[in-house]
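S.K.: starting from these lines, generate the structure:
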Amino acid sequence: MASRLLYRLRHALAGDGPGEAAGGPEAEQFPESSELEDDDAEGLSSRLSGTLSFTSAEDDDLGDDDDDEEDAGPDPLPTARRASGEDAEGSSQTDGPRGPLLARQLQDFWKKSRNTLVPQRLLFEVTSANVVKDPPSKYVLYTLAVMGPGLPDRQPTQISRRYSDFERLHRSLQRQFRGPMAAISFPRKRLRRNFTAETIARRSRAFEQFLGHLQAVPELRHAPDLQDFFVLPELRQAQSLTCTGLYREALALWANAWQLQTQLGTPSGPDRPLLTLAGLAVCHQELEDPGEARACCERALHLLGDNSPHSLLAPFLEAHVRLSWRLGLDKRQSEARLQALQEAGLTPMPPPSLKELLIKEVLD
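M.R.: Have a look, this model is predicted:
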């Protein structure tokens, strides 16, 4: 499926019509081979004007990073072409901004494929790979851009993950979905040369295809572990920053996590979107932006609906009432709902604030 998706992307960027992108009946078939396919032409990063970059890659490093221990058998992936601009020593750097270029090209692809019969799914692109030295450990951190159908001017969301994060996801899905995962390959650990530009480029491409394959299978696409992979690290970091008063830094992470959840479209439960909206509301309020904070409360109240009381219902109502009063907007409906909860003994008086609940919430 990843190869078909990349085929569509290549032809869309080349200016082909949407009719070609729709492909034949096998467009929705999952590839029988368990190997991650290599492109006949250039790698995806090269086609996107060399957006992949490496820093601190070391060809002569024979040591293992803490993610990559010895594993039997050779790496099954075919040798991929090096990203554009790579020098003989195995490191490369891009010539210009990566994010806007990537966003523009992926947005063009979604516009061209919007009317095709092939279902639109997320696209993944490793935009940078940095060797991180944190003695005594050393590892490669891959920055991944995630782009999906939606507003055409929306920038891709970004997450940073290391090899061990991808491997943990792979192992977890293998345990739960033995059948669907049988056809999905994953780059093996290596004994040596983990920090060369060639190894990093091959793994970057393999991770793009790996996530594309997972998105191609509905049973895997809806798996809670895949949701955790995309949003849980950012949510934990955002919660920690909020609790320590670093609201501006936390706001960027809450916003990124919210956009990721919107793109994924299949949350494992309502609590994480609500917690994300609580984090956004708290940060906007602390940064003196009551209008945005109130809008986050209204989104949360819409998600909660009229169902049985949720632990976050009263705090969102209380915040909505307070922010509406501050902005001179109507607050009567929220006041009435909050009063009904208090009279029924379903929430203390006054209810806990969103910030208090955010601090106490345990993300697992």
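S.K.: when you work out contacts or count neighbours from here on, use the C-alpha atoms and nothing else.
M.R.: OK.
S.K.: in stretch 180-192, what's buried?
M.R.: Across stretch 180-192, burial judged by 16 or more other CA atoms under 10 Å covers 180-181, 184-192.
S.K.: what pLDDT, on average, does it get?
M.R.: Predicted confidence along stretch 180-192 averages 86 (mean pLDDT).
S.K.: just the ones of the buried residues of stretch 180-192 in helices?
M.R.: Counting by DSSP state H, the part of the buried residues of stretch 180-192 found in helices is 180-181.
S.K.: what's the spacing between the residue lying closest to residue 286 once chain neighbours are set aside and residue 238?
M.R.: Using CA to CA, 6 or more residues apart in numbering and skipping the chain neighbours, the partner closest in space to residue 286 is residue 247 (7.1 Å). Applying CA to CA, to the nearest Å, the value for residue 247 to residue 238 is 9 Å.
S.K.: these two: which is more packed in?
M.R.: Counted by other CA atoms under 10 Å, residue 247 and residue 238 do not tie: residue 238 has more neighbours, with 26 against 23.
S.K.: close enough to count as contact, that one and residue 246?
M.R.: No: under the criterion of CA atoms under 8 Å, residue 238 makes no contact with residue 246, lying 9.1 Å away.
S.K.: wait, what's in contact with residue 315?
M.R.: Applying CA atoms under 8 Å, 6 or more residues apart in numbering, we find residue 315 in contact with 351-354.
S.K.: of all these, which comes closest to residue 215?
M.R.: Ranked by distance to residue 215 (CA to CA), these are led by residue 354 at 33.9 Å.
S.K.: find the nearest non-adjacent residue to the closest one, please.
M.R.: Leaving out its chain neighbours, the residue that sits closest to residue 354 by CA to CA, 6+ apart is residue 315, at 5.4 Å.
S.K.: could you do residue 326 as well?
M.R.: Residue nearest to residue 326 in three dimensions, not counting chain neighbours: residue 290, with 7.9 Å by CA to CA, 6+ apart.
S.K.: all the strands of the stretch 151-300 of the chain, residue numbers only.
M.R.: 157-162 (DSSP state E, counting those that start in this stretch).
S.K.: in it, where is pLDDT below threshold?
M.R.: Where the stretch 151-300 of the chain drops to pLDDT under 70, the residues are 151-154, 266-270.
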